[in-house]
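Visitor: Next one to model:
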Amino acid sequence: MLKKFSSNNPKIKGGNMMKKALSILLVLLMAFSAVACTATAPAEPAAEATTAPEAAAAEAAVEATEAPVKVDFSQNQNVARASDAAKTTIELPVVGIGSTITTDVKAAGDYTICVMTKNSTNPYMNGMWKGAEKAAADLGIKVVTLAPAQQDSIEEQIAIMEAQIQQGVSAFVIHPSDSKGIMPAVDAANEAGIPVISIGTASASGSMMRTGVDYYETGVVVAKYLFDMAGGEGGVIILEGPPGAQNAEERKAGVTDTLAQYPGYTLIDSQPANFNRAQGMQVMENLLQREGVKDQLKIVIAANDEMALGAIQALKAAGITDVLVGGFDGSADASQAIKAGDLTVTYNTDPFGSTYYAITMLVQYLDSGILPAEYFIPFPSERHKPLIDSSNIDDYISNFAWFN
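Guide: Residues are numbered from 1 along each chain as shown. Presented below is the predicted three-dimensional model:
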């Protein structure tokens, strides 16, 4: 007969009691372990404290990525002459001249620079556009080249600049028709924080800088060359640029001041032909009709190559071959005239290189706030050996002419 299981069995009771005790002890040990683990578990790592030098470095890094503070150029006043340092020793961010010009500067931003000339027909203005195109490719920017539909219209130049300001252009390189007439547009650019560099006829004020040649200096250099070559006496005719145009007046002053130092020469007349070849020929034809001019005339100084080439046409038509003719710019046609023996001398004003240089200066300013060392830094200047005659014309055409 089987016995019925009962908890009253003392052995079983003792075993049950022991099991209960062990169970209680195990629970207590587990609870203690949980508390201990909670008390000793490492806290989540806190963010590292930033030291003062590290904070300063971080702040500087942020500032380095911010755009440079824009400078107010509205109070910059134009000057007619460049300093000797600007012409000879101030370091330039470009190397070379004419079509060989280069730079290591690269744009850090997405910039659009407007290059606005007086017209689109004069070889000098065309040279500016070509220099702008090379600068755009080399520096990695966009360039817009514009000119008034009506040649030399200051009203259209103002309208062009105002439209570009509205479109958010980054900067301007301008060759205005009138230094004072362009001021409403230059003032508007300054109000918008848009830098302007003037070439040739500079704005009366408000430009970040002026470049292109020192027109007075060019007049002195070419006049002295011709006066020294012509034997010390004879008659002189000057063909001027547009009356009142700053660059024309400065160049004429350089010529006439130099003429005053050569008492053997007589000024027959000085008349404007407005930088135009056809007008240069017409003015020269009229002057040759005066009594005694053909016999007295030894030198013609035209304020640009176009007028000089017009004067040469008039001289040839009159059968005059022994007059020295000087011009300015170093254009393709003028270079060929020197090779042919018709033009005596010209001055390489390099619109290609001066525009390239101006754009390089603007990109440096837009990138880093770098300012020109002086307001007027001519390009080219005497450091570039700009005088061109029969002795160096082949080298000029082959190696660094701006029209190539």
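Visitor: Report how many residues lie close to the residue nearest to A401 when sequence neighbours are not counted.
Guide: The spatially closest residue to A401, leaving aside those adjacent along the chain, is G98, at 5.5 Å (Cβ to Cβ, 6 or more residues apart in numbering). All C-beta spots, glycine's among them, are computed from the backbone N, C-alpha and C. By the measure other Cβ atoms under 10 Å, the count of residues near G98 is 23.
Visitor: need the contact list for G98.
Guide: Shown in contact with G98 (Cβ atoms under 8 Å, 6 or more residues apart in numbering): N348, D350, F352, G353, F400, A401, W402, N404.
Visitor: got it, and G280?
Guide: Contacts for G280 were tallied using Cβ under 8 Å, 6+ apart; they are L239, A273, A302, E306, M307, A308, L309, G310, A311, A314.
Visitor: Export these as JSON lines, with columns for distance to A171.
Guide: Formatted as JSON lines, the contacts of G280 follow (distance: Cβ to Cβ, whole Å):
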{"residue": "L239", "distance to A171": "35"}
{"residue": "A273", "distance to A171": "34"}
{"residue": "A302", "distance to A171": "33"}
{"residue": "E306", "distance to A171": "29"}
{"residue": "M307", "distance to A171": "32"}
{"residue": "A308", "distance to A171": "34"}
{"residue": "L309", "distance to A171": "34"}
{"residue": "G310", "distance to A171": "36"}
{"residue": "A311", "distance to A171": "38"}
{"residue": "A314", "distance to A171": "42"}
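Visitor: So which of the residues you listed belong to helices?
Guide: Taking DSSP state H, the ones among these that sit in helices are E306, M307, A308, L309, G310, A311, A314.
Visitor: Now those in a markdown table, please, with extra columns for pLDDT, distance to S205 and neighbour count.
Guide: Formatted as a markdown table, those follow (pLDDT from 0 to 100; distance: Cβ to Cβ, whole Å; neighbours: other Cβ atoms under 10 Å):
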| residue | pLDDT | distance to S205 | neighbour count |
| --- | --- | --- | --- |
| E306 | 98 | 29 | 28 |
| M307 | 98 | 29 | 31 |
| A308 | 98 | 32 | 31 |
| L309 | 98 | 35 | 22 |
| G310 | 98 | 34 | 23 |
| A311 | 98 | 35 | 30 |
| A314 | 98 | 40 | 19 |
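Visitor: As TSV, those with distance to F227 would be great.
Guide: Putting the ones in helices among the contacts of G280 into TSV (distance: Cβ to Cβ, whole Å) gives the following:
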residue	distance to F227
E306	23
M307	19
A308	16
L309	21
G310	22
A311	17
A314	22
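Visitor: For stretch 236-255, buried residues please.
Guide: For stretch 236-255, a neighbour-count test (16 or more other Cβ atoms under 10 Å) marks 236-242, 245-252, 254-255 as buried.
Visitor: Sitting in helices, which of those residues do you find?
Guide: Using DSSP H, the buried residues of stretch 236-255 in helices are Q246, N247, A248, E249, E250, R251, K252, G254, V255.
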